[in-house]
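**Student:** I would like the atomic coordinates for the input below:
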Amino acid sequence: MNIQKYMAFVKAAEFGSFTKAAESLDYTQSGISRMINDLETEWGVFLFERGRAGISLTSDGLKLLPQLKRICNEYEILMMQIEDLHDMQSGMIRIGTFSSVASHWLPNIIRIFKKDYPKIDFELLLGDYTEIESWI
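**Tutor:** I've put the predicted structure just below:
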């Protein structure tokens with residue numbers, strides 16, 4: 001699977017042009033053409049009819065377009081989630097603490113932290129000294 005080829009297909013279908021698809025994806029026109037040819041060879045179907053007026057989807061291309069759009073959209077969502085993880089925009093923090101600290105100090109600390117990092121979740125592990133020491 002090569003997501004770049006799928007994106008090239010979707011953009012070419014969207015624009016009706018390999019040249020415009022190439023411009024939007026920062027590839028050359030010949031690079032897009034090569035990716036589409038690779039997909040057609042790999043899958044054994046013709047995706048586009050090529051002519052002087054440009055390109056248009058074949059019936060096979062029309063059938064595959066919705067699924068390939070979904071795959072490309074899901075890939076974009078995945079990349080955003082990965083970026084959030086790298087930027088500490090989401091995740092889980094586990095805190096081992098005493099119940100007195102959890103009820104008196106942590107609520108305000110967590111509330112302040114959540115203002116800057118709203119997608120970070122917390123899990124509080126309550127216990128006595130020996131239990132907390134074993135978690136470390």
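
**Student:** quick check: phi and psi at the nearest residue to residue 47 once chain neighbours are set aside.
**Tutor:** Leaving aside its sequence neighbours, residue 47 sits nearest to residue 61 (CB to CB, 6 or more residues apart in numbering; 4.0 Å). C-beta coordinates here come from the backbone N, C-alpha and C atoms, glycine included. The phi/psi pair for residue 61 (degrees, to the nearest 10) reads phi -60, psi -40.

**Student:** how about residue 120?
**Tutor:** Residue 120 adopts backbone torsions of phi -90, psi 130, taken as degrees, to the nearest 10.

**Student:** that one against residue 114, yeah?
**Tutor:** Yes. Counting by CB atoms under 8 Å, residue 114 is a contact partner of residue 120 at 7.2 Å.

**Student:** mind listing the strands for the protein?
**Tutor:** According to DSSP state E, the chain carries its strands in the segments 48-51, 54-57, 91-97, 120-126.

**Student:** of all these, which lies closest to residue 26?
**Tutor:** The closest of the strands of the chain to residue 26 is strand 54-57. By CB to CB, the value is 19.5 Å.

**Student:** which neighbouring elements make contact with that closest one?
**Tutor:** With contacts taken as 3 or more CB pairs under 8 Å, 6 or more residues apart in numbering; DSSP states H and E, strand 54-57 sits against strand 48-51.
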